[in-house]
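Q: Provided below are the primary sequence and the corresponding predicted coordinates.
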Amino acid sequence: MAHSPKVPVVISFSGLDGSGKSTQIETLRATLEAAGLNTRLLTFWDDVVVGVKYREGFVHKVYKSERGIGAPGKPVARRDKNVRAWYLTLARYMLYFADALSLRYVLAREKTSETGVIIVDRYIYDQLVNLDLNTAFARNFVRFVRALAPQPDIAFLLDADPEAAYARKPEYPVDFMRKCRESYFRLANILGCMTIIPALDLANAKAAVLDEAERKLTALRAGAGRAEPRDVYAA
């Protein structure tokens, strides 16, 4: 895996809250660094999202969303993406368009660095999954954003059992997380560019992520360009 491409490889991680994104990112980053690759970690909400302070302030003030991060035994009642008022849906379309433009700018800037791999904790896909993908308008908007925002070289979707994810990170009701899980799979089907890591035990999930990262870097070394996304369920 010790190969540094001329243009940084972009790897994104998406999935339910509590699906293990942070753990997988730490493992992948440590492995890449040990192999001699420079990495850069971007957090979508901190480094890309437009007007994050005002957006957070709005949900805390208007919808009384609790602050902090849920932990086992210390649940947090979040009220933001699980609030689906019509005017919020309209606002989401505008804000997600702005986020896509911001992502385009941020990655263009980062790709001028000497970094070998850029890892993004969440992506614009984690915003789009909050839309009602049963509607044709939302699906067309997803396709529009996909054309506008840079596509990662690897876009991981970490699957998770909603009950287990809630136990690890209790923030949203389990019923809402079940709906989110369905929406992630629907989004992956629309995009056609996500590598799905099933809800495996931690060791096997880590192995699946590292295997896919190595496959992509090997393809780049061979001059094959972007490796095709895979559904690890079928592997």
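A: Great, that's in hand. Residues are numbered from 1 along each chain as shown.

Q: Quickly list what Arg40 is bridged to.
A: Taking DSSP bridges as the rule, Arg40 bridges to Ile118.

Q: I'd assumed Glu114 was in contact with it.
A: No. Contact criterion CB atoms under 8 Å: Arg40 and Glu114 do not qualify, at 9.6 Å. The way it works is simple: take the backbone N, C-alpha and C, and place the C-beta from them, glycine included.

Q: When those two are compared, which one has more neighbours?
A: Each of Arg40 and Glu114 has its neighbours counted (other CB atoms under 10 Å); Arg40 has more, 17 against 8.

Q: OK, contacts around that one?
A: Contacts of Arg40 were listed using CB atoms under 8 Å, 6 or more residues apart in numbering, and they are Pro8, Glu110, Ser113, Thr115, Val117, Ile118, Ile119.

Q: so where do the strands sit in this protein?
A: 9-15, 39-43, 117-121, 154-158, 194-197 (DSSP state E).

Q: can you put those strands in TSV and add mean pLDDT and distance to Ala208?
A: Listed next are the strands of the chain as TSV, based on pLDDT from 0 to 100; distance: least, CB to CB, whole Å:
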stretch	mean pLDDT	distance to Ala208
strand 9-15	96	13
strand 39-43	96	19
strand 117-121	96	16
strand 154-158	96	9
strand 194-197	96	5
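
Q: Quick one, which of those gets closest to Val106.
A: Closest approach to Val106 among those (CB to CB): strand 39-43, 7.0 Å.

Q: For that closest one, what is the distance to the chain centroid?
A: The chain centre lies 13 Å from the centre of strand 39-43; the measure is CA atoms, centre = their mean, to the nearest Å.

Q: now do stretch 190-206
A: Chain-centre distance of stretch 190-206: 12 Å, with CA atoms, centre = their mean.

Q: Quote the end-to-end distance of that stretch.
A: 26 Å (CA to CA, to the nearest Å).

Q: Ok, which of the strands of the chain comes nearest Asp132?
A: strand 9-15 (18.2 Å).

Q: Just give the number of residues close to Tyr105.
A: Neighbour tally, Tyr105, other CB under 10 Å: 11.

Q: And Lys81, by the same measure?
A: So Lys81, with other CB under 10 Å, has 18 neighbours.

Q: Next, the buried residues of the worst-scoring helix or strand of the chain on mean pLDDT.
A: Scoring the helices and strands of the chain by mean pLDDT, DSSP states H and E places helix 52-62 at the bottom, with a mean of 84. Within helix 52-62, the residues scored as buried using 16 or more other CB atoms under 10 Å are Val59.
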